[in-house]
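S.K.: How does the following fold in three dimensions:
(chains A and B)
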2 protein chains.
Amino acid sequence: MSLEGLSINFATIKQGGSFATMVDACLAHGITTISPWRDQVHGIGLAEAVRIVDQNGIRLSGLCRGGFFPAADEQGRRNAIEDNKRAVEEASALKADCLVLVVGGLPAGSRDIRGARQMVEDGMAELLPYAKQAGIPLAIEPLHPFYAADRACFNTLKQSLDLCDKLGAGTGVAIDVYHVWWDPELEEQVARAGQNGQILAHHICDWLVPTKDPLNDRGMMGDGIVDLKGFRRMIEKAGFSGPQEVEIFSYDWNARPVDEVLSTVVERYKTVC
Amino acid sequence: MSLEGLSINFATIKQGGSFATMVDACLAHGITTISPWRDQVHGIGLAEAVRIVDQNGIRLSGLCRGGFFPAADEQGRRNAIEDNKRAVEEASALKADCLVLVVGGLPAGSRDIRGARQMVEDGMAELLPYAKQAGIPLAIEPLHPFYAADRACFNTLKQSLDLCDKLGAGTGVAIDVYHVWWDPELEEQVARAGQNGQILAHHICDWLVPTKDPLNDRGMMGDGIVDLKGFRRMIEKAGFSGPQEVEIFSYDWNARPVDEVLSTVVERYKTVC
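M.R.: Residues are numbered from 1 along each chain as shown, chains lettered A, B, ... in the order given. The predicted structure follows:
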């Protein structure tokens, strides 16, 4: 079974040293698609990261991450947009499929989620022409409602796609099973996204029962309650055939040797995804 | 300011001994509306609980809880329905405003959330005639999507109201700010519920940032990021004028003396709700 359809998000193996050593670990397991985080790229320097990517024929299923548009004041919002422009440039240099956006939650001290959502819309509207010129699609990742206050105030596919429709070409969604598996409107919204070419990425892991930590207790595929094969069928039926990107934030898995993590990912990818 | 609009869910003061002593504590603070849990009623016996309620002019804004309809086999589902009938009887004896339903999640070993949702519908459909005859409205409490797998596979107001519309008279929703504050469709769905007389209860607490524990880190009103006054205005605009029921699952507050908890609840109720 080819591993062409498998991507490793570097949050999954963040214990693996530098960007360079994480790429080496993936290559050793036959994996050539990755999704790194910006701090990992910065750690080795953008130019060196680009060299490694080009030289090894690596594909980026995404760059993590832009976003965090809401801020308590105008200067904070301007800073966010400037930082997002740097993220677009990095994604472009690395020829990433998309820039993944964790859009941000409530500004400090705010109880106005509607206002925060408007700030996201305004920020994306300003970023979009820049991203289009650079050829980098902006992927809103609707996060699980658990993170609505502090990480992303866009929490369902419908809500995210409504914004994409408003903003137009160059925007879409990253569909992560962890965040959306529970959504009663999942199937219709995935189909809608597919029809409009708005599926930019597909992230996988599993939802553990019980989930002991709100942030760092995602499961390895097969260890939880998500119907991953069914989910992937739904995504493919909607027209997306891009990689399944494994993104597992987990105290458990991040404490294990990278080789063990990647061996397990590959085995599960072949059996339960 | 009258405390007539304030109800205490006994999860908030579960450290307070028996049903009888919890009622006494509420009365000492001028609170005459409560929402007990069935195990607390069983602890003192239904007849004695009814006597205490009647003798003190206590109102129950709800009885917690029925639900948990999905099960791995037919016998499990039958047992759930029988247990729900007992819950209806208890709610009726206590003249509760409604029976709150935490509908249940996935049966053990299941990855089929759609199937679980069907079991909820089937279970409620069977329970409903019994509840109507007893004069007890069934209140689906859509739980935060964090609990979709293990506690309640109904996770939004829209989804819950769609089922209520299907089942008809005698059903409605318990709207808990903790579970629904993030919902992008909150306002329209609250209005819809109000128009159809489907708001059966209104629970309050607050959402803390960060939320450290998935189950037991709800906040006291005013300590988090929910716009509680705005939320209540929305509920009242929709036509519901019943009590605000304080339900705080919290390691923190459950470790404090009941008098301190109730004093704080009353003070916050007067200032931030």
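
S.K.: can you list the residues of the stretch 101-250 of chain A near chain B?
M.R.: Residues of the stretch 101-250 of chain A found near chain B (CB under 8 Å from any CB of the partner chain) are A:106, A:110-113, A:117, A:144-146, A:148-150, A:153, A:155-156, A:158-159, A:181-184, A:207, A:209-214, A:225-227, A:230. C-beta here means a position set from N, CA and C on the backbone, and glycine is covered the same way.

S.K.: Give me the PyMOL select line for those, limited to the buried ones.
M.R.: To isolate the buried members of these in PyMOL, using 16 or more other CB atoms under 10 Å in any protein chain shown:
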select buried, chain A and resi 106+110+111+112+113+117+144+145+146+148+149+150+153+155+156+158+159+181+182+183+184+207+211+214+225+226+227
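
S.K.: helix, strand or coil for the residue of the stretch 151-273 of chain A found nearest chain B?
M.R.: Chain B sits closest to A:W182 of the stretch 151-273 of chain A, with a gap of 3.7 Å, by CB to the nearest CB. Using DSSP: H, G, I helix; E, B strand; the rest coil, the secondary structure recorded for A:W182 is coil.

S.K.: Now do the helices for the stretch 51-200 of chain A: every range, in order, please.
M.R.: A:74-93, A:113-134, A:157-167, A:177-180, A:186-195 (DSSP state H, counting those that start in this stretch).

S.K.: any idea how far A:D259 is from B:Q55?
M.R.: Using CB to CB, to the nearest Å, one gets 69 Å for the distance from A:D259 to B:Q55.

S.K.: Which one of these two is surrounded by more residues?
M.R.: Comparing A:D259 with B:Q55 by other CB atoms under 10 Å in any protein chain shown, the one with more neighbours is A:D259, at 13 against 9.

S.K.: Got the phi and psi for the closest residue in space to that one that isn't next to it in sequence?
M.R.: Of all residues not flanking A:D259 in the chain, A:A25 sits nearest, at 6.8 Å (CB to CB, 6 or more residues apart in numbering or on different chains). Main-chain torsions, A:A25, degrees, to the nearest 10: phi -60, psi -40.

S.K.: now the residue positioned nearest the centre of chain A: how far from A:A71?
M.R.: By CA atoms, centre = their mean, the mean C-alpha position of chain A lies nearest to A:V100, the distance being 4.9 Å. In this view, A:V100 and A:A71 are 20 Å apart by CB to CB.

S.K.: next one: A:P129
M.R.: Relative to A:A71, A:P129 is positioned 21 Å away (CB to CB).

S.K.: Looking at the two, which one has more neighbours?
M.R.: A side-by-side neighbour count of A:P129 and A:A71, using other CB under 10 Å, places A:A71 first with 20 against 10.

S.K.: got the contact list for A:I175?
M.R.: A:I175 sits next to A:157, A:190, A:193, A:199, A:201-203, A:235 when contact means CB atoms under 8 Å, 6 or more residues apart in numbering or on different chains.

S.K.: let's see 7 Å
M.R.: For A:I175, the contact set (CB atoms under 7 Å, 6 or more residues apart in numbering or on different chains) comprises A:157, A:190, A:199, A:201-202, A:235.

S.K.: Check the burial of the residue nearest to A:W37 when sequence neighbours are not counted by counting its neighbours.
M.R.: Nearest residue to A:W37 in three dimensions, chain neighbours excluded: A:C64, at 4.7 Å (CB to CB, 6+ apart). By other CB under 10 Å, 30 other residues sit near A:C64.
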